[in-house]
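>>> coords below, sequence missing:
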């Protein structure tokens, strides 16, 4: 049995599914047509599935021998981006594009489902397929968990198409993606004429001080060896060239790799914001939203992935650097052992851009690796009993 050879046999089908989904992208929690397409493909393979609300799918393939459960996850939502690739199968929806490769993830997992259904005799347990909505807005994995998608799962694997060398898998032990929170700060002062600032309370000045405080002082409260990023990406106030602003709004994000730091960050940000606003005679209201957790890969499963990848692909698993981006696959790895893997596809142009491109030759590798990890993951769980 060679899953890569079997994936090559259905490569045209995998690419066809990918192109159809690419042409018809849907945003988070609106992936209705994508959900219908996946259900249709799985039903054709004789795989029963359960729809999630409002979108998403859980399906299972049961082996000939009962045992534990390994999950495979693919996200399925697109981004609000205008496509500029010029591909013949370019997005038909203006301002919506699969600019992060989720169309390829869906196609690869459908292909893997076909391989596993044909090789059920190799499965020492159950494979759960998770087609997850709304990863781009950081809410889809939580919805899957709330609707029982992780119940009974013993380990989980996720694959993301990557821009590195074609057919090379990469991951790392421990922290791979950062925890990510967002905040919105409303600063209230008093408007006045720009010629007489002493008659008002300058919200713009307070906002500027808060930006500086957050970027300087917060790093004094945590270990310098623990990565931490805070970025204020939006700053708007209601003044003009001769009007001192009475209101300002700041929006930003906080990223870190340490779980304990993540637990402390909200109170730290809120205290610094409040105290700085008071120093400038303003009032501040902060809406701090917890986002994704740190994505921690399980060391043992990374070793298993290395063995599976080299056996399948003939190339060693590459170790990649930690990434300050976020990935809601962390909702799963915070509950069960898991690994998130990048599959090389000679990508061109950055993801989340209108010109994002991948080499479709990479799809067969991702499809085969999903299947290999399911078989090897169940074997590993059987052996550890």
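Everything's here; your move. Computed from a prediction, not measured in an experiment: that's the story for all the values here.
>>> so how far is residue 292 from the spatially most central residue of the chain?
Closest to where the C-alpha atoms of the chain average out (C-alpha atoms, centre = their mean) is residue 327, at 2.9 Å. Distance, residue 327 to residue 292, using C-beta to C-beta, to the nearest Å: 7 Å. No exception for glycine: its C-beta is placed from N, CA and C like everyone else's.
>>> Overlap in contacts, those two.
Residues touching both residue 327 and residue 292 by C-beta atoms under 8 Å, 6 or more residues apart in numbering: residue 177.
>>> Residue 251 in helix, strand or coil?
Following DSSP: H, G, I helix; E, B strand; the rest coil, residue 251 is assigned to strand.
>>> Excluding chain neighbours, what is closest to it?
residue 234 (4.1 Å; C-beta to C-beta, 6 or more residues apart in numbering).
>>> I figured the one you found was touching residue 250, is that so?
Yes. Contact criterion C-beta atoms under 8 Å: residue 234 and residue 250 qualify, at 6.8 Å.
>>> Just want to know which of these two has more residues nearby.
Neighbours were counted for residue 234 and for residue 250 using other C-beta atoms under 10 Å; residue 250 has more, 24 against 10.
>>> Now do the same contact list for the residue nearest to the more buried one when sequence neighbours are not counted.
Distance criterion C-beta to C-beta, 6+ apart; nearest residue to residue 250, sequence neighbours excluded, is residue 185 at 4.3 Å. Neighbour list for residue 185: 207, 210, 249-251, 273, 284-287 [criterion: C-beta under 8 Å, 6+ apart].
>>> how does it look with 10 Å?
Residue 185 makes contact with 206-207, 210-211, 214, 232, 235, 248-252, 269-270, 273-274, 277, 284-288, according to C-beta atoms under 10 Å, 6 or more residues apart in numbering.
>>> Show residues contacting stretch 239-249.
184-208, 210, 234-238, 277, 282, 284.
>>> Distance from that stretch to the middle of the chain?
38 Å (C-alpha atoms, centre = their mean, to the nearest Å).
>>> same deal with stretch 253-265?
With C-alpha atoms, centre = their mean as the basis, the mean position of stretch 253-265 lies at 17 Å from the chain mean.
>>> Please spell out which residues along that stretch are buried.
Residues of stretch 253-265 classed as buried by neighbour count (16 or more other C-beta atoms under 10 Å): 253-258, 261-262, 265.
>>> Including secondary structure and distance to residue 113, could these go into TSV?
Formatted as TSV, the buried residues of stretch 253-265 follow (DSSP: H, G, I helix; E, B strand; the rest coil; distance: C-beta to C-beta, whole Å):
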residue	secondary structure	distance to residue 113
253	strand	35
254	strand	38
255	strand	34
256	strand	36
257	coil	34
258	coil	37
261	helix	39
262	helix	35
265	helix	39
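>>> Which pair of those residues spans the longest distance?
253 and 258 (16.4 Å; C-beta to C-beta).
>>> Give me the neighbour count for the nearest residue to residue 11 once chain neighbours are set aside.
In this structure, residue 11 finds its nearest non-sequential neighbour in residue 364, 4.8 Å apart by C-beta to C-beta, 6+ apart. By other C-beta under 10 Å, 23 other residues sit near residue 364.
>>> Wait, residue 364 touches residue 2, no?
No. Residue 364 is beyond contact range of residue 2, at 11.8 Å (criterion: C-beta atoms under 10 Å).
>>> Mind giving me the packing neighbours of the strand or helix carrying residue 8?
Using DSSP states H and E, residue 8 sits in helix 3-9. The contact analysis (3 or more C-beta pairs under 10 Å, 6 or more residues apart in numbering; DSSP states H and E) places helix 3-9 against helix 102-118, helix 299-313, helix 362-383.
>>> Going by neighbour count, list what's buried in the helix or strand just after it.
The C-terminal neighbour of helix 3-9 among helices and strands, as given by DSSP H and E, is helix 11-23. Of all the residues in helix 11-23, those buried under the rule 16+ other C-beta under 10 Å are 11, 14-15, 17-19, 21-23.
>>> which of the contacts of residue 185 count as buried?
206-207, 210-211, 214, 232, 235, 248, 250, 252, 269, 273-274, 277, 284, 286, 288.
>>> Of those, which belong to helices?
206-207, 210-211, 214, 269, 273-274, 277 (DSSP state H).
>>> Just confirm residue 129 is within a strand.
Yes. Residue 129 sits within a strand when classified using three-state DSSP.
>>> For the residue lying closest to it once chain neighbours are set aside, list each beta-bridge partner.
Closest residue to residue 129 apart from its sequence neighbours, by C-beta to C-beta, 6+ apart: residue 59 at 4.3 Å. Bridge pairing for residue 59 (DSSP bridges) gives the partners residue 49, residue 129.
>>> Looks like residue 59 contacts residue 35 (just checking).
No. The pair residue 59 / residue 35 is not scored as a contact, 11.6 Å apart, by C-beta under 10 Å.
>>> joint contacts of those two?
Here residue 59 and residue 35 have 49, 131 as joint contacts, going by C-beta under 10 Å, 6+ apart.
>>> Return the residues in contact with residue 147.
50-53, 56, 58.
>>> nearest to residue 321, of these?
residue 56 (30.8 Å).
>>> what's around that closest one, how many residues?
27.
>>> next one: the one 10 residues further on
Residue crowding around residue 66 was assessed by other C-beta under 10 Å; the count is 10.
>>> If anything else comes up later, I'll come back, but that's it for now.
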